[in-house]
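>>> the following comprises the amino acid sequence and a computationally predicted model.
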Amino acid sequence: MALSYELSSFFGAMFLTLVLLWLRAHGVRWRVKLRMDLGSEFCGPSPKKQREWKEALRLLGSEIEPVRKKGDGTASGSHRKGPSLR
């Protein structure tokens, strides 16, 4: 978990890097697909930052899959559909 008082792409990048390095250090070797809504804490609407993030995360064996926000502020496809797993 991470906490910040501002939505900064720097902190988002550091958090994701920490998580990916932790996974690699603990033997997880498969490709990691990151789904994110591309809010300001995750490279925002900046195409330049999106390209930079994709390249940097590719070096750590992961990729970004953008998820577009719906009109009600939730990310489309972000929750499972179907029966509860209780």
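Sure, I can see it. Numbers count the residues shown, from 1 in each chain.
>>> switch to C-alpha atoms for all contacts and neighbour counts from now on
Fine.
>>> right, and the helix or strand after the helix or strand harbouring residue 19?
Using DSSP states H and E, residue 19 sits in helix 9-25. Sequence-wise, the next helix or strand downstream of helix 9-25 (DSSP H and E) is strand 32-36.
>>> beta partners of residue 64?
When assigned by DSSP bridges, residue 64 has beta-bridge partners residue 34.
>>> quick check: it vs residue 7, distance?
For residue 64, the distance to residue 7 (CA to CA, to the nearest Å) stands at 19 Å.
>>> just the buried residues of the helix holding residue 19, please?
Of the residues in helix 9-25, 9, 11-13, 20 count as buried by neighbour count, 16 or more other CA atoms under 10 Å.
>>> now do stretch 51-61
With burial defined by 16+ other CA under 10 Å, the residues of stretch 51-61 counted as buried are 53, 57.
>>> skipping adjacent residues, who's closest to residue 35 in space?
Nearest non-adjacent residue to residue 35, counting by CA to CA, 6 or more residues apart in numbering: residue 65, 4.7 Å away.
>>> follow-up on the earlier one: report the angle between the helix holding residue 19 and strand 32-36.
Per axes from the mean of the first three to the mean of the last three CA atoms, to 10 degrees, the angle that helix 9-25 makes with strand 32-36 is 150 degrees.
>>> could I get the helix or strand residue 55 falls within in PDB with only the CA atoms?
Per DSSP H and E: residue 55 is located in helix 47-59. Extracted in PDB, the C-alpha atoms of helix 47-59 (Å, rounded to 0.1, in the frame of the first residue of the first chain):
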ATOM      1  CA  PRO A  47       1.400  10.600 -24.300                       C
ATOM      2  CA  LYS A  48       5.100  11.300 -23.600                       C
ATOM      3  CA  LYS A  49       4.900   9.900 -20.100                       C
ATOM      4  CA  GLN A  50       2.900   6.900 -21.300                       C
ATOM      5  CA  ARG A  51       5.600   6.000 -23.800                       C
ATOM      6  CA  GLU A  52       8.300   6.500 -21.100                       C
ATOM      7  CA  TRP A  53       6.400   4.300 -18.600                       C
ATOM      8  CA  LYS A  54       5.800   1.600 -21.200                       C
ATOM      9  CA  GLU A  55       9.500   1.400 -22.000                       C
ATOM     10  CA  ALA A  56      10.600   1.400 -18.400                       C
ATOM     11  CA  LEU A  57       8.100  -1.200 -17.300                       C
ATOM     12  CA  ARG A  58       8.900  -3.400 -20.300                       C
ATOM     13  CA  LEU A  59      12.500  -3.600 -19.000                       C
END
